[in-house]
Each structure stands twice: as C-alpha cells, then as structure tokens.
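For reference, the sequence and a predicted model appear below.
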Amino acid sequence: MKEILVTCALILKEGKVLCTQRSEYMRLPGKWEFPGGKVEPGESPEACLRREIAEELDIVIKILGSLNPIQHSYDGKVRIRLLPYLCEWQSGVLNLQEHQRYCWRGENDLKELDWAEADLPIVEELLEKWNPIFQKYIKL
Ligand SMILES: Nc1nc2c([nH]c(=O)n2[C@@H]2O[C@H](COP(=O)(O)OP(=O)(O)OP(=O)(O)O)[C@@H](O)[C@H]2O)c(=O)[nH]1
C-alpha cells in the first residue's frame, strides 16, 4: 500500500497543547488535528515540520522530542505514517493560514475535540505521558 509520510507538531505551553481545526476546504473538514503536513522528496521530517508550521501558523518552533509514529489508512488505498513531535513556540505571532480555528487544550479537555482518527492514539499517548512530558520539557 502506498504510504505518505506526514509530520505534526504538539506545541506545548503552560500545561496546554495547541490544536487546530481543519477548514471546510480541506480533506477531513472540521476535524481537529495537530498542525503539520506531508514530507517533500529529499526533505527531513524535522525540516518538513518547521516549514509546515511556518506556512500554516506563521510561527517558528523548536523541536523538543517525539512520540510514537502512527500508521493509519482512511480509505484502504493510501496509508499515512504520522510522525508526532513535541515542540515549543519560539517566535512569531500565531496567524492561521489554512485552518479555521485553533485552541489550547489541557489534560482534562483534550479528548473532547472531534479528532481526526489517526490522531486518537497520539492524544492517548500524550495524555498517558502528560506529567513527565511537561516536567521534562516545559519550565513552568
Ligand atoms: N498535518 C496533519 N495531518 C494529519 C493529521 N492527522 C491526519 O490524519 N492527517 C492527514 O495527513 C495528511 C496531511 O496532509 P496535508 O495536511 O499536508 O495536506 P492535505 O491532504 O490536506 O492537502 P494536499 O494534499 O493538498 O497537500 C492529510 O491527509 C490529513 O488528513 C494531523 O494531526 N496533522
């Protein structure tokens, strides 16, 4: 099965993570995801993530670590391999270029969003490791 490599950013700040909602013009309209996108030929996943975040949100991020890759197929024909990275916001003012909304969610309300299916295991892993992740990476 054809596999597409996609990166996404879990941007952490003050006990919350940035979530973005896909617009009506995108595939999976209205679904929530972590911002990111497809890796281009010859591009490293980290370079892809920094590029996609600059394109989609207008901000610069720092990559801190990663979570487990997810494989998911929405239609049985194409499989995506989604690489989640833990990140922090470095500079810039957040300005949505493609998504319709964003929000910051904490441990207690992250699961309430209508997530894209491929993101559900990422949300689960983040919640399982929530305290150690924030203790390790984000100085409060
Ligand atoms: N960026 C991102 N994409 C995700 C997530 N979860 C998930 O299933 N995807 C899927 O992975 C693919 C990412 O592609 P993309 O956002 O760069 O591009 P797209 O398919 O919307 O449009 P395009 O084909 O015109 O580039 C989409 O099929 C999207 O539905 C996620 O958390 N972040």
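Structure's in. What do you need?

Going along the chain, name the strands of the chain.
Here the chain has its strands, by DSSP state E, at 2-13, 16-21, 32-33, 36-38, 60-66, 70-73, 78-91, 101-105.

what does the chain have sitting close to the ligand?
Within the chain, the positions near the ligand by CB under 6 Å from any ligand atom are 6, 8, 26-28, 33-38, 80, 82, 116, 118-119. For glycine as for every other residue, the C-beta is placed from the backbone atoms N, C-alpha and C.

Return the members of those residues classed as buried.
For the residues of the chain next to the ligand, a burial check counting by 16 or more other CB atoms under 10 Å picks out 6, 8, 33, 34, 35, 36, 37, 80, 82, 116, 118, 119.

so can I have a markdown table of the residues you listed showing pLDDT and distance to residue 66?
A markdown table is the format used below for those (pLDDT from 0 to 100; distance: CB to CB, whole Å):
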| residue | pLDDT | distance to residue 66 |
| --- | --- | --- |
| 6 | 98 | 13 |
| 8 | 99 | 11 |
| 33 | 98 | 17 |
| 34 | 98 | 12 |
| 35 | 98 | 15 |
| 36 | 98 | 12 |
| 37 | 98 | 16 |
| 80 | 97 | 16 |
| 82 | 98 | 11 |
| 116 | 98 | 19 |
| 118 | 98 | 16 |
| 119 | 98 | 15 |
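
Select, from those, the two members most distant in space.
Spanning the widest gap among these are 35 and 80, at 15.0 Å by CB to CB.

what sits against the closest residue to the ligand within the chain?
When scored by CB to the nearest ligand atom, the chain has residue 37 as its residue closest to the ligand, at 2.9 Å. Residues in contact with residue 37 (CB atoms under 8 Å, 6 or more residues apart in numbering) are 6, 7, 48, 52, 55, 56.
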